[in-house]
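Student: Any chance you could fold what I've pasted below:
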Amino acid sequence: MDDGAHTQDEETRGKAYKLAPDEGPAHWFTNALVTIKAGGAETGQRLTIAQILHPAGYSPPTHRHLVEDESFYILSGTALFESDGERFEVGPGDFAFLPRGSVHTFAAGSDGPFSCLVITVPAGFENFVAEAGTPAERRELPDPVPVDGAALAAIAARHQIEILGPPLSARENP
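Tutor: Next up, the predicted model:
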């Protein structure tokens, strides 16, 4: 094998690498901090792994991914998840799987920030975050700003994500 050339296999399977806790592209996305740890470019388009820090009380709009399965590994904080009408609470060390096509949302607990690793299969979620978010100026939660729901829905649609309704926190007091 030529030491200076990449084989086609290396391009499709990716290459080993390491990121420190404060490394990876970071975006402020719907008032959360999203740090991409692996995306399509690194994984041959197979998966995305993002570390997401949500402020207390955060709740995304009710939505569904038409292409990706979405998994959450909870690092800190708590949240109430809702998927296809079922609810469950999560905390540190818990894992939640939301299959492609499931209608879901969650509401972060009010006791502090909610941090998790989000794994989507196949890759692509990182592109949605980059288009809908802005590069993070610092690796901390952004100052809260109103989210333009119509703009978010249009961007989501381009990434095969349907926004279906309001956040869980807007529908009731979880």
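
Student: When you work out contacts or count neighbours from here on, use the C-alpha atoms and nothing else.
Tutor: Will do.

Student: For this protein, which residues score under the pLDDT cut-off?
Tutor: 1-13, 171-174 (pLDDT under 70).

Student: repeat that with 80
Tutor: Scanning the chain for pLDDT under 80 picks out the ranges 1-14, 169-174.

Student: Helices of that one, start to end?
Tutor: 8-13, 40-43, 125-132, 149-158, 168-171 (DSSP state H).

Student: how about these in TSV, adding mean neighbour count?
Tutor: Below are these laid out as TSV (neighbours: other Cα atoms under 10 Å):
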stretch	mean neighbour count
helix 8-13	12
helix 40-43	19
helix 125-132	20
helix 149-158	15
helix 168-171	16
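
Student: Distance to Y73 for these - can I get that in a markdown table?
Tutor: Below are those laid out as a markdown table (distance: least, Cα to Cα, whole Å):
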| stretch | distance to Y73 |
| --- | --- |
| helix 8-13 | 24 |
| helix 40-43 | 19 |
| helix 125-132 | 16 |
| helix 149-158 | 23 |
| helix 168-171 | 20 |
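
Student: buried residues in stretch 93-110?
Tutor: L98, P99, R100, G101, S102, V103, H104, T105, F106, A107, A108, G109 (16 or more other Cα atoms under 10 Å).

Student: which residues are contacting that stretch?
Tutor: Defining contact as Cα atoms under 8 Å, 6 or more residues apart in numbering, one finds that stretch 93-110 is touched by 54-84, 90, 114, 167-169, 174.

Student: quick one: terminal-to-terminal distance for stretch 135-147?
Tutor: End-to-end distance for stretch 135-147, by Cα to Cα, to the nearest Å: 16 Å.

Student: ditto for stretch 152-167
Tutor: Span of stretch 152-167 from end to end, Cα to Cα: 13 Å.

Student: L152 touches A130, doesn't it?
Tutor: No: L152 lies out of contact with A130 (Cα atoms under 8 Å); the separation is 11.9 Å.
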